[in-house]
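J.: task: produce atomic coordinates for the following.
(chains A and B)
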There are 2 protein chains.
Amino acid sequence: MKSSDSISLGPGAEFDIVRRMLARWGSLAKGIGDDAVVLPGAPGRMVVSTDASVEDVHFRRDWMSHAEIGYRATAAALSDLAAMGAEPVGVLLALTLPERDVARVEEIADGIGDCVGSCGTVVLGGDVTRGEKLALAVTVLGTAQEPLLRSAARPGDRVYVTGRLGGASAALRELQAGREPAGKSRARFVRPVPRLRESRWLADHGCTAAIDISDGLVGDARHIAAASGVAVHLRQESVPVFDGATGRDAVAGGEEYELLVTCAGPLDVAAFEKRFGVPLTEIGGVAAGEPDAILTNDGTRVAAPAGYDHFSAS
Amino acid sequence: MKSSDSISLGPGAEFDIVRRMLARWGSLAKGIGDDAVVLPGAPGRMVVSTDASVEDVHFRRDWMSHAEIGYRATAAALSDLAAMGAEPVGVLLALTLPERDVARVEEIADGIGDCVGSCGTVVLGGDVTRGEKLALAVTVLGTAQEPLLRSAARPGDRVYVTGRLGGASAALRELQAGREPAGKSRARFVRPVPRLRESRWLADHGCTAAIDISDGLVGDARHIAAASGVAVHLRQESVPVFDGATGRDAVAGGEEYELLVTCAGPLDVAAFEKRFGVPLTEIGGVAAGEPDAILTNDGTRVAAPAGYDHFSAS
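T.: Numbers count the residues shown, from 1 in each chain, chains lettered A, B, ... in the order given. Next up, the predicted model:
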């Protein structure tokens, strides 16, 4: 994806595919046309992350459309910028395309374009290659004045979560059982919304540590605990549960792409919900102690479920 | 690859693999441990590119060791920074790992570490996922004061190439025929050297347009011609041919990772060779005219071979 229009593209099947994607993106693609992209100058520090979505690991092709595959892979990667409180500058794509999907390139491009457009960002470049399984590795670039770090939680902090949890997990359970999930929970799985604007609001209002919930609430709280050297206490009864999901979905389900944040002072949850139409809920607190995530239910400690792990998931 | 040491890593097979890679890299890994990496401030403009290497598309596992697979994928991506005259800041990896390669992670890491170390850069982060084919998408980040652009060639420029061409193509032919290539040409294929220091010398000495030769000399000259709106004339008899390669290998073979550059004035090729131990050869010139690469042999125009195209290659 190293050229931007017909005159600057060479011959060959790869370029044909790139052309077709660029035709779908229009002004959503920028700066493409060289060996690498030169980023526009931007204030703040550059933040970058790479995230791969692989057929039969992160998704199955019979679960979602090609547009949804493109959208979801892009959203999952952009969510890592949200977890840093960063504003996106653009994305780069490494698309591995089986022969049978060549005819569907426009649909994949539409899903990617839909996501970058709704997140106010652009496609900066990439690479297209053949392969047996459809895969999309998305590199996201952003800038942040004060990045939100996993290591910044301190004893005494409050713990908040955006949105309602468990919907993606509930949908995944239905899909794995060969059933069609309810529309709303299906959308939570195939069309996650990176909390980019919400994340910058949280950073502006005093949050210091953040993570996006991709490995499950407890698993990701444990990441913050480990990186910050603190104990993160979570009250299961306070965790907002997505309609149709179980309490276990909410505390253990992955692929949420909601944000778990810590903050020294209280946050104005009503102002947040009014602004974004998404709840913000205080679900626990940070204490000194052995680095771990501690889950309680009405004051009684309950066994923390294992983290959601793509790699060992079948 | 979002965590840097044992205390900040959560459980799970993905983290085990990341830990094993980090153990091999030591100080060659930097800033790992969050949802995304915050880049150190650096002068110049940020330059970024993504390049994927996929089993059975870019390499076959019986052709090279796991260390060579890691090295080569990383070198191919870093070569795009050389083509921009950029200094590397670091790389991000999206590794897709079949079950049977899990035991070989250290070898893959060693090859990646070998390449980033010899290029004076570091691993900044990444992502590890399961998959059926071994694949490594490498995102490279760098900075350049004055990026070398494909679109900067002007009529009257001279055209130069670094190194001797055709070795990788000759090796590939032997490998595809099931024979072991000669050591030197094999090294050209499995262990390409990104011309990073050479590229910055070229930029400092007045070169304006550059491309790395991954699609073949004529094919890549055509990319410069198209992007710059000029005719690029190449004299086949001047092209330096790698020992054991054919003239056709030299003008049409891909995967070279040498640089094709244009420059308004003459370059001190002796000084270049003395400094880098690599030849720099004037092989043609830029003229006004229909954007194309025009290949001549002793003054007679010869048919330009088709570009090297991974995607349609079998």
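
J.: pretty sure A:Ala170 contacts A:Arg248?
T.: No - contact status for A:Ala170 versus A:Arg248: not in contact, 10.0 Å apart, counting by CB atoms under 8 Å. Quick note: C-beta positions are derived from backbone N, CA and C, even for glycine.

J.: when these two are compared, which one has more neighbours?
T.: Neighbour totals were compared for A:Ala170 and A:Arg248, and A:Ala170 leads with 25 against 14 (other CB atoms under 10 Å in any protein chain shown).

J.: tell me the secondary structure for that one?
T.: Of the three states, A:Ala170 takes helix according to DSSP: H, G, I helix; E, B strand; the rest coil.

J.: next: the one 3 residues further on.
T.: A:Arg173 falls in the helix class when you classify it by three-state DSSP.

J.: which ones are touching it?
T.: Residues near A:Arg173 by CB atoms under 8 Å, 6 or more residues apart in numbering or on different chains: A:Asp249.

J.: which stretch of helix or strand covers A:Thr50?
T.: Per DSSP states H and E: A:Thr50 is located in strand A:45-54.

J.: and the helix or strand of chain A with the lowest mean pLDDT, which strands flank it?
T.: Counting by mean pLDDT, DSSP states H and E, chain A has its least confident helix or strand at strand A:37-38, which shows a mean of 77. Counting by DSSP bridges, the strands paired with strand A:37-38 are strand B:45-54 (antiparallel).

J.: next, the angle from the following helix or strand past the partner strand to strand B:45-54.
T.: Downstream of strand B:45-54, the first helix or strand assigned by DSSP H and E is helix B:66-82. Going by axes from the mean of the first three to the mean of the last three CA atoms, to 10 degrees, helix B:66-82 is angled at 150 degrees with respect to strand B:45-54.

J.: can you name every helix or strand that helix B:66-82 contacts?
T.: Other helices and strands packing on helix B:66-82, by 3 or more CB pairs under 8 Å, 6 or more residues apart in numbering or on different chains; DSSP states H and E, are strand B:45-54, strand B:87-97, helix B:105-118, strand B:135-144, helix B:183-190, helix B:196-204, strand B:207-212.

J.: redo that, cut-off 6 Å
T.: strand B:45-54, helix B:105-118, strand B:135-144 (3 or more CB pairs under 6 Å, 6 or more residues apart in numbering or on different chains; DSSP states H and E).

J.: could you point out which element follows the last one?
T.: Once the chain leaves strand B:135-144, the next helix or strand it forms, by DSSP H and E, is strand B:158-162.

J.: give me the contacts around that next one.
T.: B:195, B:198, B:258-263, B:278, B:280-285 (CB atoms under 6 Å, 6 or more residues apart in numbering or on different chains).

J.: measure stretch A:263-283 end to end?
T.: 12 Å (CA to CA, to the nearest Å).

J.: so for it, what's the average pLDDT?
T.: If you average the pLDDT over stretch A:263-283, you get 97.

J.: list the buried residues in it.
T.: A:Cys263, A:Leu267, A:Phe272, A:Phe276, A:Val278, A:Pro279, A:Leu280, A:Thr281, A:Ile283 (16 or more other CB atoms under 10 Å in any protein chain shown).

J.: ditto for stretch A:92-100
T.: So, applying 16+ other CB under 10 Å, buried residues of stretch A:92-100: A:Leu92, A:Leu93, A:Ala94, A:Leu95, A:Thr96, A:Leu97.

J.: now render the residues you listed as a markdown table, adding distance to chain B and pLDDT.
T.: Shown next, in a markdown table, are these (distance: CB to the nearest CB, whole Å; pLDDT from 0 to 100):
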| residue | distance to chain B | pLDDT |
| --- | --- | --- |
| A:Leu92 | 4 | 92 |
| A:Leu93 | 7 | 92 |
| A:Ala94 | 4 | 92 |
| A:Leu95 | 8 | 93 |
| A:Thr96 | 6 | 92 |
| A:Leu97 | 8 | 91 |
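
J.: circling back to that earlier point, the buried residues of stretch A:263-283 in strands, which ones?
T.: Cross-referencing those against strands under DSSP state E gives A:Cys263, A:Leu280, A:Thr281, A:Ile283.

J.: count of neighbours near A:Asp298?
T.: A count of neighbours around A:Asp298, defined by other CB under 10 Å, yields 8.

J.: per-residue pLDDT, it?
T.: The per-residue pLDDT reported for A:Asp298 equals 93.

J.: leaving out sequence neighbours, find the closest residue to it.
T.: Nearest residue to A:Asp298, sequence neighbours excluded (CB to CB, 6 or more residues apart in numbering or on different chains): A:Glu237, at 5.6 Å.

J.: so that neighbour: helix, strand or coil?
T.: Of the three states, A:Glu237 takes helix according to three-state DSSP.

J.: and if you look at A:Ala103?
T.: The three-state label given to A:Ala103 by three-state DSSP is helix.

J.: give me the distance between the residue nearest to A:Gln236 when sequence neighbours are not counted and chain B.
T.: In space, not counting the residues next to it along the chain, A:Gln236 is nearest to A:Asn297; the distance is 4.4 Å by CB to CB, 6+ apart. A:Asn297 sits 22 Å away from chain B when distances are taken as CB to the nearest CB, to the nearest Å.

J.: which bits of the stretch 51-200 of chain A sit near chain B?
T.: Residues of the stretch 51-200 of chain A lying near chain B by CB under 6 Å from any CB of the partner chain: A:51-52, A:54, A:57, A:80, A:83-84, A:92, A:94, A:96, A:126-127, A:129-133, A:137, A:139, A:147, A:149-150.

J.: are any of those residues buried, and which?
T.: Among those, the ones that count as buried by 16+ other CB under 10 Å are A:51-52, A:54, A:57, A:80, A:83-84, A:92, A:94, A:96, A:126-127, A:129-133, A:137, A:139, A:147, A:149-150.

J.: close enough to count as contact, A:Pro192 and A:Leu259?
T.: No - with contact defined as CB atoms under 6 Å, A:Pro192 does not reach A:Leu259; the gap is 11.8 Å.

J.: looking at these two, which is more packed in?
T.: A:Leu259 (29 against 24).
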